[in-house]
Each structure stands twice: as C-alpha cells, then as structure tokens.
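*Asks:* Generate coordinates for the sequence data below:
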Amino acid sequence: MQTTVLVIGGGATGVGVARDLALRGVEVTLVDRGALAAGTTGRSHGVLHSGARYAEADPSDAAACLAENRVLREVAPACLDETGGYFLQLAGDDPDYFERKRAACADLGMSVETLSGAELRERVPEATPAVERALAVPDAVVSPSRLVVANAAAASEAGATIHTHAPVEGIRVADGAVTGVDVGGTLDATIRADAVVNATGPWAGRCAALAGVSVPMRPTRGVMVGVENPGVDAVLNRCRPPADGDIVVPRGDEAVLGTTSVAVDDPDDFERSEAEVARTVAECAAMCPAVDRPVRRTYWGVRPLYAPDEDGRDGRAISRGFALLDHAAEDAAGFLTIVGGKLTTYRKMAEATADRVCDRLGVSAACRTADRPLPGADDPAELDALCAAFGVDAPADGRGADA
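*Replies:* Next up is the predicted model:
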C-alpha cells in the first residue's frame, strides 16, 4: 500500500493530524492498534480546560488552553457540556495561592469571577461549608468519543483512510529515511509513506524504537472514580497546587472524581491501587461531601509525558505542554513524534504537526481546522451514530471495556 503520510495513533491528536492534513489536500492514512480513543484520550476526565488550572505555573500553556477552549466552543459545541467550573479555596488552603491564580487568570484575559463561600454554595449546594471563596472560570466538559469520531469523520470526508485494530509491527528505515510501516491485524500490509507521524501517546517511545530512534517517556497513571452524581452540575477544582483528588467532573447522572499521578514503566501493565481509589474519593469529598458514596466504577489513564520536559520536576509539578520531535538527525528522516499535551489542546498539537509535515512535503496549504465546524457540530445524535459506526473505546463517556 502507498500513502503520502501515515499517522499512527487514533486518539484525539492522531485523528486531528489526519483531519488537518486531509483538509490541506494531503493523502493520509491512519492506523490504530485498537478502537478509536482507546488510549489516553478515552481515559481522561474529559475536562475542557479554561487554562485556570495551569495559569500561575505555566502561563503559556494556560493561554493555549484558553484559546483552544474558545475554538472548540465554536467548531464542536455538540461535543461539549457547558458546565462552567470553580476553583474552591477551603479553610486551611493558602489564600496567597488563590490570589496568584486569580491574578494569573486575569493576565490571560480570562473571564473570572470571585465568589464568597456563601455565593458558591448558592450555585453548588453540594459544596462543603468549608469553602471560603471560589473562582468561577470557563471550564467545560468534553465528550472524548464524540470529539474523536467527529475528527475521524471530517478526515474521512476529506479523503483520509482510517484503519482500526491494525497494530504497527515494524517500521522500515533505509538510507537515513523512513520508507514503510508493517501493519498487522485487520490490515495486514506494508504501508509505504513519505512521512510517518507517531501520535501514540504513552506508547510513543515503543513506537519510535521500531524506527531505531529514541523518545524517552515518563508516563504516569491516574485513576478516575465514578459515583452517583449527587447533583453537581459544574467542574469543581481544589484551589491548591495540583494533588491527588482535586477535581470533580459532572457527567450526567455520574460524577467522575480524579485523579492520581504515579509513574509507571509499562502503559499496558501497571498496578491499580485500591488505596488510590479511596484517597481520591476522600480528597474530593473534602470539596463536596456528597460524593462520598459507593463507587460505581473506576477507570485508569496514562499521561503521555515526555521525559526531558519532566526532568527536575517534583511529583505533580509536571508540564502540560507538548513536544514535536523530528527524527531526521537520528537517520530517520520523515519520522516525527508528537507527545505530551492534553485533550484541550489536541487541535493545536495537530496543527503544529501538520505544519511540520507540510514543510517537509513542500505543501503550502494553510491549516483550516480552527474555523471549520466539525461534522455533527450541533447534532449529538449524529455524533453518537458516528461513535457506533467507527467504534470507540472511551470509558470517560461510558463507552468501552472499562465503562
């Protein structure tokens, strides 16, 4: 088989790259070893970040979140639930941290509102009486499965070919350049390509090794805990430096509590600690006592953190930016890796990757994804039909093996 660009990975970034390239007129094929969204994307807590979570620690990344938050509201409203969000300062939390966050959000041009504890409880009666004040921010909740299939459908409409359950088994490199990829499963073929994009998230290091290049990763696991929703209708964040159990995400009749951060060696095989589940529930209950109820389900995700970005950081002080690696200097010209980032910034990551690929191919067409509505942009039923048609594995949405 022959294609111009092969994208490996069917999460948000991979399908975003496929869509972006296809809209620029580039012939593109995407493969994934499982169903769409089956990696980090479908196992996130699904918050569309406003940037407030990172504003004081990483203002450039927070600005990217805010910009992409606004873009997705325009191009994919049916993928979102406009919940809004709050950062809660509880008794004993550092008031100076609250002030730093508020100032940093304002510096970004974010619309923020400061509420007293009483005002917050009028809006969120389930919040603890220990809330002293809160910041209202433009967070939202995103459906990872709908977002992924909308991008996959747009890519397909523009001419891309998508193969799921098609694992990469080898990457061929000759004379200092990538020449082809051996794919098994439902495809069972060698795909020859002018460029190959490695968008495999926590598995990026393993995929890169098949091409004889190094992508050092430092993945961390996190648990999400689903309980019956006691009535919470907004994203609740603890206003303190990131720690275990600091976010509550409403998803219909379920509240998803998250999360933890523990380094893992193998993104496919890692311990799932009951102690982390209990700690997550207890910490989230400090913000919202009503979520301390029987656990309906748990699911675990692995963050695709790029090791050089994490060197020298301590625990939760981790980057949420992304790295785009061109492996030409490692005698694998035409092989690129995109790692890091988050669901909110997937489109920006895809644009940066497509720009680099097009530079290599001599394609001058500009990115069109920021202002072009996705399929089913205002029709949730159409998106759910696409989920069934493409097949997804996204426990965040209640779809998949861990749902």
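
*Asks:* centroid residue for this protein?
*Replies:* residue 343 (2.4 Å; CA atoms, centre = their mean).

*Asks:* how about whatever helix or strand residue 60 lives in: buried residues?
*Replies:* Residue 60 is part of helix 59-75, with elements assigned from DSSP states H and E. Within helix 59-75, the residues scored as buried using 16 or more other CB atoms under 10 Å are 61-69, 71-72, 75. No exception for glycine: its C-beta is placed from N, CA and C like everyone else's.

*Asks:* and the host helix or strand of residue 353, C-alpha only, in PDB?
*Replies:* Following DSSP H and E, one finds residue 353 within helix 346-361. In PDB, the C-alpha atoms belonging to helix 346-361 read as follows (Å, rounded to 0.1, in the frame of the first residue of the first chain):
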ATOM      1  CA  TYR A 346      -5.200  18.500  20.700                       C
ATOM      2  CA  ARG A 347      -6.100  20.700  17.700                       C
ATOM      3  CA  LYS A 348      -3.200  23.000  18.300                       C
ATOM      4  CA  MET A 349      -0.900  20.000  18.600                       C
ATOM      5  CA  ALA A 350      -2.300  18.600  15.300                       C
ATOM      6  CA  GLU A 351      -1.800  21.900  13.500                       C
ATOM      7  CA  ALA A 352       1.900  22.100  14.600                       C
ATOM      8  CA  THR A 353       2.500  18.600  13.400                       C
ATOM      9  CA  ALA A 354       0.700  19.100  10.100                       C
ATOM     10  CA  ASP A 355       2.700  22.300   9.600                       C
ATOM     11  CA  ARG A 356       6.000  20.400  10.000                       C
ATOM     12  CA  VAL A 357       4.900  17.600   7.700                       C
ATOM     13  CA  CYS A 358       3.800  20.000   5.000                       C
ATOM     14  CA  ASP A 359       7.100  21.900   5.200                       C
ATOM     15  CA  ARG A 360       8.800  18.600   4.500                       C
ATOM     16  CA  LEU A 361       6.500  17.700   1.600                       C
END
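
*Asks:* Show the subsequent helix or strand relative to that helix.
*Replies:* That would be, after helix 346-361 and using DSSP H and E, helix 380-390.

*Asks:* Outside of that next one itself, list whatever touches it.
*Replies:* Contact partners of helix 380-390, identified using CB atoms under 8 Å, 6 or more residues apart in numbering, comprise 35-36, 78-79, 143, 145-146, 149-150, 152-153, 162, 164, 375-376, 399.

*Asks:* Can you list the buried residues in it?
*Replies:* In helix 380-390, counting by 16+ other CB under 10 Å, buried: 382-384, 386-387, 390.

*Asks:* angle of the helix holding residue 353 against helix 59-75?
*Replies:* Angle, helix 346-361 to helix 59-75, by axes from the mean of the first three to the mean of the last three CA atoms, to 10 degrees: 100 degrees.

*Asks:* Output the lowest mean pLDDT helix or strand found in the chain.
*Replies:* Averaged element by element with mean pLDDT, DSSP states H and E, the chain has its least confident helix or strand at helix 307-310 (a mean of 77).

*Asks:* Can you list the low-confidence ranges for the stretch 151-300 of the chain?
*Replies:* Counting by pLDDT under 70, the stretch 151-300 of the chain shows no low-confidence range.

*Asks:* residues contacting residue 142?
*Replies:* Contacts of residue 142 (CB under 8 Å, 6+ apart): 46-48, 72, 79-81, 343-344.

*Asks:* Write down the beta-bridge partners of it, one by one.
*Replies:* residue 80 (DSSP bridges).

*Asks:* Give me the phi and psi for the spatially most distant residue from the centre of the chain.
*Replies:* The C-alpha centroid of the chain is most remote from residue 175, which lies 35.4 Å away (CA atoms, centre = their mean). Backbone torsions for residue 175, taken as degrees, to the nearest 10, come to phi 50, psi 40.
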